[in-house]
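Undergrad: what's the 3D shape of this:
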Amino acid sequence: MEGSALRVFPQQQQILFKSGSWVYRIPALFYERESKTLLAFAEQRRTSDDTSTVNLVMTTGEVKMEVPSEPKTIEWSEFKEVKEAHIPGHRPMNPCPLYDEKRKTLFLFFICVEGIVSEKRQIQKYTNAARLCYITSKNLGQSWSEVTDLTDTLDEINGWATFAVGPGHGLQTESGRLIVPVYAYVSCCSSCCLCCFKCCKVTPYSLALYSDDYGEKWQFGEMLQNESLECEMAEYFDDKENSIIYCNARSQGGHRVEALDKNDGEGFIILPHTYKLVETGTGCQGSVVSFPAQSEDTHADRDPSQNPNKWLLFTHPSHKSKRTYLGVYLNKNPSKSNSWSKPWIINKGPSAYSDLAYIDDGWFACLMERGEISEIEQITYKVFSYQEVKQGIGE
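TA: Below you'll find the model as predicted:
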């Protein structure tokens, strides 16, 4: 297994997973605040092809935060296979971690796809080969439970051509609801007959899988009204301190799909399109995270973590046609899609999937696919501050 022992990195961009005899893709990142621990996940593949995934892998990073205003360092463990994330005859894909703070339980959601059946084939045949699975850990990934397969407990899946979770992180809302981002391909026909599906358009839509009892039971919310694919969600609060779930989804229409929901992911309303968040070519996954509104007065004594207001940070390739120029975007008014800033470019070369985490004191971590020639040469991480974001976007 490729990897290294203890690695201490400053905040600049560093490699966590490097493709060679294996290809590493599809990053997912989670930060556990109490222990100040980052968990990074990825797919381990034989080739770049989606059908060649063999394992999910993970590494754990201890965040050093002695002085809040100074750059963070992270000590990363040797990465390992998540051997429990398997069911026989299937390949694990799309890692999606989320954490239940009340029960101190880490969930790792993923899909398991039969053999080497591709997503394209499932859509063409309208025959789902994916299963909805998760494992849990009480010690931040040192050990894991056996697989729980939810597929047969959720009737909606029977009507889908295929589906996937995330990829990237899920979330727990202030009310305690656990939310897993999902997208599914469905037919425009109401009939279930195969001949009907063959003549109808099969379209992807984003939605939320959620639980209100700490993961005992799960159910799906309503799908977004607009065509949408891989997505991530974040919670913020409006002026009356009402919780709102923000969804940012991949599309094929030249711009990102954004939606808001005031019912913890049960039903979304599409926001007007903004040209500030461009979609790249035929689309690419992006990441979004909410964080406490920061004081613009650098001498203020108020602790930003006590501010009920939340802002959003978003990462995605900023080029209109190629997966390159990974940008960081800031939104101080999430209810308005045109409030996004211009991007701060944190990787000028080939860049693709990414995942964000907020790690307190105005600092963020970003896990990203990047390379010199191809965007799948390595998965690196970068730690940066809100002040760097402000400077990068020109504020």
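Undergrad: I'd like the distance between the residue nearest to G115 when sequence neighbours are not counted and R25.
TA: Distances taken as CB to CB, 6 or more residues apart in numbering place G89 nearest to G115, at 6.4 Å, with adjacent residues excluded. Where you see a C-beta, it was placed from the backbone N, CA and C, and this is true even at glycine. Taking CB to CB, to the nearest Å as the measure, G89 falls 22 Å from R25.
Undergrad: So what's the residue count around the residue nearest to G115?
TA: 9 (other CB atoms under 10 Å).
Undergrad: and what of P88?
TA: 5.
Undergrad: a strand runs through it, doesn't it?
TA: No - if the criterion is DSSP: H, G, I helix; E, B strand; the rest coil, then P88 is coil and not within a strand.
Undergrad: Show the pLDDT at it.
TA: In this model, P88 is scored at 96, pLDDT.
Undergrad: Phi first, then psi, for it.
TA: phi -60, psi 140 (degrees, to the nearest 10).
Undergrad: check contacts around it.
TA: For P88, the contact set (CB atoms under 8 Å, 6 or more residues apart in numbering) is empty.
Undergrad: For it, give its distance to L313.
TA: Per CB to CB, P88 is found 40 Å from L313.
Undergrad: repeat for Q219
TA: Q219 is 29 Å from L313, by CB to CB.
Undergrad: which one of the two has more residues nearby?
TA: Neighbour count, other CB under 10 Å: between Q219 and L313, L313 has more, with 22 against 13.
Undergrad: Please list all residues in contact with that one.
TA: V288, V289, S290, F291, V328, Y329, L330, N331, L356, Y358, F364, V389.
Undergrad: name the element it belongs to?
TA: For L313, the host element (DSSP states H and E) is strand 310-317.
Undergrad: Ok, Q252 next?
TA: With DSSP H and E as the test, Q252 turns up in no helix or strand.
Undergrad: What is the burial count for it?
TA: Neighbours of Q252 (other CB under 10 Å): 13.
Undergrad: Same check on the one 5 residues further on?
TA: Other residues near V257 number 27, with proximity taken as other CB under 10 Å.
Undergrad: mind listing what it touches?
TA: S206, L224, N226, E227, S228, C231, C247, N248, A249, R250, S251, I270.
Undergrad: between the contacts of L313, which is nearest S35?
TA: Among these, Y358 lies closest to S35 (CB to CB), at 15.3 Å.
Undergrad: which residues does the closest one bridge with?
TA: Note on Y358: beta-bridge partners by DSSP bridges are F364.
Undergrad: For it, give me its contacts.
TA: Y358 touches Y31, V289, S290, F291, L313, F364, counting by CB under 8 Å, 6+ apart.
Undergrad: hmm, try it at 6 Å
TA: Y358 is in contact with V289, F291, F364, counting by CB atoms under 6 Å, 6 or more residues apart in numbering.
Undergrad: CA atoms only: put stretch 22-34 into PDB for me.
TA: Output of stretch 22-34 as PDB, limited to C-alpha atoms (Å, rounded to 0.1, in the frame of the first residue of the first chain):
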ATOM      1  CA  TRP A  22      -3.300   3.000  -8.300                       C
ATOM      2  CA  VAL A  23      -5.400   6.000  -9.300                       C
ATOM      3  CA  TYR A  24      -7.000   8.000  -6.500                       C
ATOM      4  CA  ARG A  25     -10.100  10.000  -7.200                       C
ATOM      5  CA  ILE A  26     -13.300  11.500  -5.500                       C
ATOM      6  CA  PRO A  27     -12.100  13.300  -2.400                       C
ATOM      7  CA  ALA A  28     -14.300  13.700   0.700                       C
ATOM      8  CA  LEU A  29     -13.300  15.600   3.900                       C
ATOM      9  CA  PHE A  30     -14.700  15.900   7.400                       C
ATOM     10  CA  TYR A  31     -13.600  17.800  10.500                       C
ATOM     11  CA  GLU A  32     -14.400  16.700  14.000                       C
ATOM     12  CA  ARG A  33     -14.300  19.800  16.200                       C
ATOM     13  CA  GLU A  34     -13.900  18.400  19.700                       C
END
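Undergrad: Use 222 as the first number from now on
TA: Renumbered: residue one is now 222, and that last one reads stretch 243-255.
Undergrad: Return the distance of the residue nearest to P402 when sequence neighbours are not counted relative to P538.
TA: Excluding the flanking residues, the one nearest P402 by CB to CB, 6+ apart is C452, at 4.7 Å. According to CB to CB, C452 and P538 sit 16 Å apart.
Undergrad: And for V401?
TA: For V401 relative to P538 (CB to CB), the value is 24 Å.
Undergrad: Counting neighbours, go ahead and name the busier of these two.
TA: Using other CB under 10 Å as the criterion, V401 and P538 rank with P538 on top: 30 against 26.
Undergrad: Could you point out which residue ranges in the stretch 372-521 of the chain have low pLDDT?
TA: For the stretch 372-521 of the chain, the stretches with pLDDT under 70 are 410-420, 518-521.
Undergrad: what ranges do the strands span in it?
TA: If DSSP state E, counting those that start in this stretch is used as the criterion, the strands of the stretch 372-521 of the chain fall at 383-386, 392-393, 399-408, 423-432, 440-441, 452-458, 464-470, 478-482, 490-491, 508-513.
Undergrad: Neighbouring strands of the host helix or strand of A263 in the sheet, and parallel or not?
TA: Using DSSP H and E, A263 falls within strand 258-266. In the sheet, strand 258-266 lines up against strand 244-253 (antiparallel), strand 274-285 (antiparallel) (DSSP bridges).
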